[in-house]
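*Asks:* pasting the structure only:
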């Protein structure tokens, strides 16, 4: 399953190395990344390379849970526990016993349920709604979020103790705009995959089309790129795809970027500029490395690498 995570950029490969080491353990993992970066793909890869590979892999989209039913969905309920509870029902944690529960958009959990999830993570015990007894289940939890949990904590919307309990091993998937060198690899992978899936002749991109795709910011990340490839592989099967064949949103937004820094005539010492910007970001965020990385437009792993490189504490 790690083969489904395609990329050679340093920040992406660093994340993958950590993920492969973590996969063989039972440790709780918190995956951070923007929408469309592949958090569920990574969670599946962790499961498929774990000792629990032959056990259940249950997914739960916390953002899609009605608040009134959230506790029942997670912990289960007993017949008669509430109106409409006409029979006993297993919760996702019970269904995942001996396996893995992937909790996507965990930041959306209601605060009361966060407290109960924390208790489970600390004790391994659950109590279905309407039951007077607890029971133990053996579940590895992999959580994911596309927002800053630290900012949620600051607003009182997420429990700090739960954050620390989930964040045992953090894995941050960099957005596509931070690994533009991987776009060519991803294009080749998806175009070949969809030609095979739809039994169509393969297509290739012209140099101008490829250049335009490599200057697009990809706000929808790998998911957006995947969808574009599937569309083009079907509509332009067996053809050379030119710049004019690309979707309008790419043509409109992929214009060359304006210069944001004017290079002085006398030049600069790039290393000193990088050190200064990192130190400014750390000072502005009171040393918070995740927020500093976002200010600099890089991943947390890339920031840590550059801090180590320059001897910044």
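*Replies:* Sure, I can see it. All of these numbers come straight from a predicted model, not from anything done at the bench. Numbers count the residues shown, from 1 in each chain.
*Asks:* ok, and for the host helix or strand of residue 212, which residues are buried?
*Replies:* Assessed by DSSP states H and E, residue 212 sits inside helix 207-213. Of all the residues in helix 207-213, those buried under the rule 16 or more other CB atoms under 10 Å are 209, 210, 212, 213. (Glycine included, C-beta is placed from N, CA and C.)
*Asks:* a markdown table please, covering those and showing pLDDT.
*Replies:* Putting the buried residues of helix 207-213 into a markdown table (pLDDT from 0 to 100) gives the following:
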| residue | pLDDT |
| --- | --- |
| 209 | 95 |
| 210 | 94 |
| 212 | 93 |
| 213 | 94 |
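*Asks:* Show me which pair in those is furthest apart.
*Replies:* 210 and 212 (7.3 Å; CB to CB).
*Asks:* What is the helix holding residue 212 packed up against?
*Replies:* helix 183-197, helix 248-253 (3 or more CB pairs under 8 Å, 6 or more residues apart in numbering; DSSP states H and E).
*Asks:* closest to residue 169 out of the ones you listed?
*Replies:* Here helix 183-197 is closest among these (CB to CB), at 25.7 Å.
*Asks:* Closest one of the buried residues of helix 207-213 to residue 107?
*Replies:* The nearest one, if we look at those relative to residue 107 and count by CB to CB, is residue 213, at 31.5 Å.
*Asks:* How many residues are close by the nearest residue to residue 214 once chain neighbours are set aside?
*Replies:* Using CB to CB, 6 or more residues apart in numbering and skipping the chain neighbours, the partner closest in space to residue 214 is residue 183 (5.2 Å). Neighbour count for residue 183, taken as other CB atoms under 10 Å: 21.
*Asks:* What pLDDT is listed against residue 183?
*Replies:* Here, the pLDDT recorded for residue 183 equals 95.
*Asks:* Quick check, it in contact with residue 228.
*Replies:* No: counting by CB atoms under 8 Å, residue 183 does not reach residue 228; the two are 10.9 Å apart.
*Asks:* remind me which residues of this protein are low pLDDT?
*Replies:* 254-262, 265-266 (pLDDT under 70).
*Asks:* Look up how far residue 117 lies from the closest residue to residue 146 other than its chain neighbours.
*Replies:* Take residue 146 and drop its neighbours on the chain: the residue closest to it by CB to CB, 6+ apart is residue 35, 5.0 Å away. Distance of residue 35 to residue 117, given as CB to CB, to the nearest Å: 22 Å.
*Asks:* neighbour count winner among the two?
*Replies:* The neighbour comparison of residue 35 against residue 117 (other CB under 10 Å) goes to residue 117, with 25 against 14.
*Asks:* Verify the stated contact: the more buried one with residue 162.
*Replies:* Yes: Residue 117 lies in contact with residue 162 (CB under 8 Å); the separation is 6.5 Å.
*Asks:* ok, back up a step: dump the residue contacts of the residue nearest to residue 214.
*Replies:* Counting by CB atoms under 8 Å, 6 or more residues apart in numbering, residue 183 touches 176, 213, 214, 218, 225.
*Asks:* All good on my end, thank you.
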